[in-house]
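Colleague: Let me see the structure of the following:
(4 chains)
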Amino acid sequence: MTEMVTSLDALAARVTDGATIALPPDYSGCANALWRAVIRRGVKDLHLVGVPVFGYHGDLLIGAGCVKVAETSAVTLGEHGLAPRFTAAVKAGSIIVKDATCPAIHAGLQAAERGAPFSVMRGLIGSDILARRDDWKVIDNPFGDNDPVVAIPALTPDLAVFHAAKADRHGNVWIGVRRELMVMAHAARDTLVTVEEIVDGDLMADPATKAGTIPGLYVTALAEAKEGSWPQGLPATDLVADQGHLARYAEMAKTEDGFAAYLAEYVTGREAAE
Amino acid sequence: MTEMVTSLDALAARVTDGATIALPPDYSGCANALWRAVIRRGVKDLHLVGVPVFGYHGDLLIGAGCVKVAETSAVTLGEHGLAPRFTAAVKAGSIIVKDATCPAIHAGLQAAERGAPFSVMRGLIGSDILARRDDWKVIDNPFGDNDPVVAIPALTPDLAVFHAAKADRHGNVWIGVRRELMVMAHAARDTLVTVEEIVDGDLMADPATKAGTIPGLYVTALAEAKEGSWPQGLPATDLVADQGHLARYAEMAKTEDGFAAYLAEYVTGREAAE
Amino acid sequence: MSGSDVQLEEILIHTIAGMLDGLRHVAVGASSPVPGAAALLARARSGGATRVSVLGSEEHNFFSDGGKELFDCAGQGRIDAFFLSGAQIDGKANINLVSIGDPDLPKARFPGSFGSGYLYYVVPRVILFRLEHTRRTLVEQVDFISAPGFSEPNVYRPGGPFAMITDRCLFDVDKDNRRFVLKSVHPGETVESIAENTGFQYDVPAEVPTTPLPDAETLALMRGRIATEIAEIYPGFAKRVFGLEKAA
Amino acid sequence: MSGSDVQLEEILIHTIAGMLDGLRHVAVGASSPVPGAAALLARARSGGATRVSVLGSEEHNFFSDGGKELFDCAGQGRIDAFFLSGAQIDGKANINLVSIGDPDLPKARFPGSFGSGYLYYVVPRVILFRLEHTRRTLVEQVDFISAPGFSEPNVYRPGGPFAMITDRCLFDVDKDNRRFVLKSVHPGETVESIAENTGFQYDVPAEVPTTPLPDAETLALMRGRIATEIAEIYPGFAKRVFGLEKAA
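Modeller: All right, here's what the predicted structure looks like:
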């Protein structure tokens, strides 16, 4: 059964050193309040998986020294440009980047979702993405004739972590059309979710709501976090990205000192508020 | 763009001899009014694919002589027992059965959905299902050591055909949690849909509805058909299966004469009503 | 039937529930009232810790990703127990859900293998369930293997047969020797009556007890809460076994 | 800039739209206002027959199956045209979205390859789009191949480069010889200025025309309906190019 926890710190305690963690992109549901609590805990050596890319929250975790591996198709702050801490870490050689292409991440997660050892996909052959991934293999399509195809092993994160609009007390989480969150939850061993609101009733009872709901079966632990995606927005709600803040982040995070000041002001300094 | 047609016959005209057709199970959305129109057209040599099984509508098509191949994990009338025309046709050797197991059908459709040449799956090894499917192959898991795994080629039906509760004039079709219908529509070259009601507005505009909606992008042609799943019910509506009628079908279809009488009464004889 | 007023179905439900206690998630296929009731009994005794998914039920279905989700969920290792049957089941625990005779021109044809060709491999506790225990159903060698009871050592197989329960007895599974072992006989049956009605070889220990009856507390739970719950899914069964009409 | 009051963006939009006319479905990635406007122009001229999916837009997004759907849709052959760019693009149409120098200790690092490692292979008309046409961006050999321009004959590749448009010119793609061919130069540019600013070898036909300007009707459509539509997605762009404020 889904554990209902009452503090972000209790949820953050489940994010342990070295965990492989599936992260949604900025336009899906980012559990930013939770990530701030994780940073305050001083977690290390995370292996982030962008599904299929990540942005602000991953850059924040990288800057805070929590990340060892970034496996992703891209890291970007969108209109605010390059992710500065990611860029600095790559140039310094202080994180390992496993570059991917979006559908390869989806293919790996879908293999895990299906309980299959791998998925095959077209594309990739002749790219340096493939050349640098010794965990992917080129095999022969058994239904073709001299037809190479790329095998992507099942990608089973230790954790899927995201923020959503609402959940009920059975642990069911409504995600609407953001189905990548469902694939993440199916593929991961455990799933941690923060939501704007825990509602009464059963989200699986109404067929309309059920169509966009991840069953509690897949949700390990859940906490309420108002505006938990801030400074990102949240789809299908009134919460829009705080572009002013993100621009400020992009600016401050350009230097190590600026990033340290950002952390002090908005992460370690926010503890009391969250 | 989705073609909005005003008669079932116009939709039925798109079901051509020899087509491979993905069918939902009885508890999903069966386009039975459309199938009656198809039978009246006298279509031949259909290759039915149960997703992952089929029931009444497939049995009806088999009995009416429209079917050459039944590729499915099962054919059943549920609590009304064996599907009599399927059973008779198999025993007479008048149809080809390609026995499957449910997740193999899903795996083939998902490969088609992904544009991948095949999916791999666990299970099946040592079964007569596999032994009798020369279109499936056992390959080595390249990430394992002497680890055989079954490769299921992409299953790309010519048509996906189903009935749903509602659609809008953009061709968007609401299917709720019946996601197998979405996979079918993604995997198939063309998709024909009947709906209880064509509604005003845009089903993709409301995030709650959008989560259970197949975009018109995948819907080739669409017609309204009130109680179009009769004698089956329709999920997420008030339409429940007409068990009395299904029992009558199961009884009448036990013999060829009885089935002929059923066809005359409920299919060819229903033309004016539909 | 012996055993005072306890019915066979109640013994079966009780016996099966004993194999489900402590599990996280039990899935039950369509048209399976006895396994369904057993799973609901295990859930009731777990205080809700055991999750039960009953396919074909609106009330007890926790899936929202279409027809594939049950199989995905099993493949993820999230389903601990499932039930399978067979028109034929043989002494190697092979099951046949397809046909009798040559599959291309069969003497009898059944619906088909459904998900057995996958679930039998990946669900740790597959409980075989067959309410007709005769030499016609429990055979030396099935005519069609929908799913084999056992696999070669290099075949990925976290799952497989855990036990077989029939209307006459309960068999354990000896995985090392790939044989059934008679565990207990239901009231009214004997070691000899089982031998007479079974078409395959199996092991018989020196002592074969009678299948235990549910105690009074379990019977009360079964006839009360479980009967009500199962009536939502299988009203006919609930009426026949528990005398319960589904509330309107 | 020459060409009276026609702006470069309008020439680009017009030129790209000409490559999209008659297609069923054009997808446009994030942060791509010019390709987006071109796709909307092609849609307007098609009378709605051309479908346009603009990623990151709520109004022009026809997907409901999560992040994977764009790629699935392309793999199904349902996307006829897409746009890719690169920090570097070379004469073999290889694109680099990853890094400059050794990828493990790069001199510059960009966001990453996004979907290019797949879409470049499966979308029939991939239009390369680069608004900085210099020897720094259009290079002899990219430092990292996010996706190659061409593949061996046995590699499944229904898609690939269809053309490349920059702020200076339009290149065609000669698939047989795997080279770019200068198709036209934008107003103000010459065959020589292109050579000066391009780091790779390409073919130059005897006659290289100037990229045609949109006619009055197209300009009116672009500055009217298309400007309004693109303003919903890229208000800043619509304001800068078309002087249009997004309606509140």
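Colleague: Please make it C-alpha for all contacts and neighbour counts, starting now.
Modeller: Will do.
Colleague: roughly how far apart are the closest residue to residue C:125 other than its chain neighbours and chain A?
Modeller: Leaving aside its chain neighbours, residue C:125 sits nearest to residue C:81 (4.5 Å; criterion: C-alpha to C-alpha, 6 or more residues apart in numbering or on different chains). For residue C:81, the distance to chain A (C-alpha to the nearest C-alpha, to the nearest Å) stands at 15 Å.
Colleague: my read: residue C:81 touches residue C:20, true?
Modeller: Yes - between residue C:81 and residue C:20 there is a contact under C-alpha atoms under 8 Å: 7.3 Å.
Colleague: the more surrounded of the two?
Modeller: Applying other C-alpha atoms under 10 Å in any protein chain shown to residue C:81 and residue C:20 shows that residue C:81 carries more neighbours, namely 28 against 24.
Colleague: what ranges do the strands span in the stretch 151-274 of chain A?
Modeller: Secondary structure of the stretch 151-274 of chain A by DSSP state E, counting those that start in this stretch: the strands cover A:159-168, A:173-174, A:190-199, A:213-214, A:221-224.
Colleague: how about residue A:25, what does it touch?
Modeller: Contacts for residue A:25 (C-alpha atoms under 8 Å, 6 or more residues apart in numbering or on different chains) come out as A:50, A:51, A:52, A:53, A:54, A:55.
Colleague: okay, and the common contacts of residue C:81 and residue C:20?
Modeller: residue C:26.
Colleague: ok, how many other residues are close to residue A:89?
Modeller: Other residues within reach of residue A:89, judged by other C-alpha under 10 Å, total 21.
Colleague: Report the separation between it and chain D.
Modeller: Distance from residue A:89 to chain D, by C-alpha to the nearest C-alpha: 10 Å.
Colleague: secondary structure class for that residue?
Modeller: When classified by DSSP: H, G, I helix; E, B strand; the rest coil, residue A:89 comes out as helix.
Colleague: Surely it and residue A:83 touch.
Modeller: No - look at residue A:89 against residue A:83 with C-alpha under 8 Å: they stay out of range, at 10.2 Å.
Colleague: Now do the lowest-mean-pLDDT helix or strand in chain A: which elements does it pack against?
Modeller: None of the helices or strands of chain A scores lower by mean pLDDT, DSSP states H and E than helix A:207-210, at a mean of 91. Judged by 3 or more C-alpha pairs under 8 Å, 6 or more residues apart in numbering or on different chains; DSSP states H and E, helix A:207-210 is in contact with helix B:207-210.
Colleague: Return the alpha-carbon coordinates of the helix it packs on using CSV.
Modeller: Extracted C-alpha coordinates of helix B:207-210, given in CSV (Å, rounded to 0.1, in the frame of the first residue of the first chain):
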residue,chain,number,x,y,z
PRO,B,207,-7.1,18.0,-19.8
ALA,B,208,-9.3,15.4,-18.1
THR,B,209,-11.0,14.3,-21.3
LYS,B,210,-7.8,14.5,-23.3
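Colleague: and for it, what are the contacting residues?
Modeller: With contacts defined as C-alpha under 8 Å, 6+ apart, helix B:207-210 is touched by A:176, A:177, A:208, A:209, A:212, A:236, B:174, B:176, B:203, B:204, D:64.
Colleague: from the residues you listed, which ones fall inside helices?
Modeller: A:208, A:209 (DSSP state H).
Colleague: which parts of chain C sit against chain A?
Modeller: C:49, C:51, C:62-65, C:71-77 (C-alpha under 8 Å from any C-alpha of the partner chain).
Colleague: contacts with chain D among the contacts of residue A:25, please.
Modeller: Filtering the contacts of residue A:25 for proximity to chain D by C-alpha under 8 Å from any C-alpha leaves A:51, A:52, A:53.
Colleague: Mind putting the residues you listed into a markdown table with distance to residue A:132, neighbour count and secondary structure?
Modeller: What follows is these, written out as a markdown table (distance: C-alpha to C-alpha, whole Å; neighbours: other C-alpha atoms under 10 Å in any protein chain shown; DSSP: H, G, I helix; E, B strand; the rest coil):
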| residue | distance to residue A:132 | neighbour count | secondary structure |
| --- | --- | --- | --- |
| A:51 | 19 | 29 | coil |
| A:52 | 18 | 26 | coil |
| A:53 | 18 | 29 | coil |
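Colleague: Quickly name whichever of the residues you listed is closest to residue C:112.
Modeller: Proximity to residue C:112 was ranked across the ones next to chain D among the contacts of residue A:25 by C-alpha to C-alpha; first place goes to residue A:51, at 38.1 Å.
Colleague: okay, the closest one: pLDDT?
Modeller: Residue A:51 carries a pLDDT value of 97.
Colleague: show me the residues around the spatially closest residue to it that is not a sequence neighbour that make contact.
Modeller: Residue nearest to residue A:51 in three dimensions, not counting chain neighbours: residue A:24, with 5.2 Å by C-alpha to C-alpha, 6+ apart. With contact taken as C-alpha under 8 Å, 6+ apart, residue A:24 is in contact with A:30, A:50, A:51, A:52, A:53, A:54, A:161, A:162, A:180, A:181.
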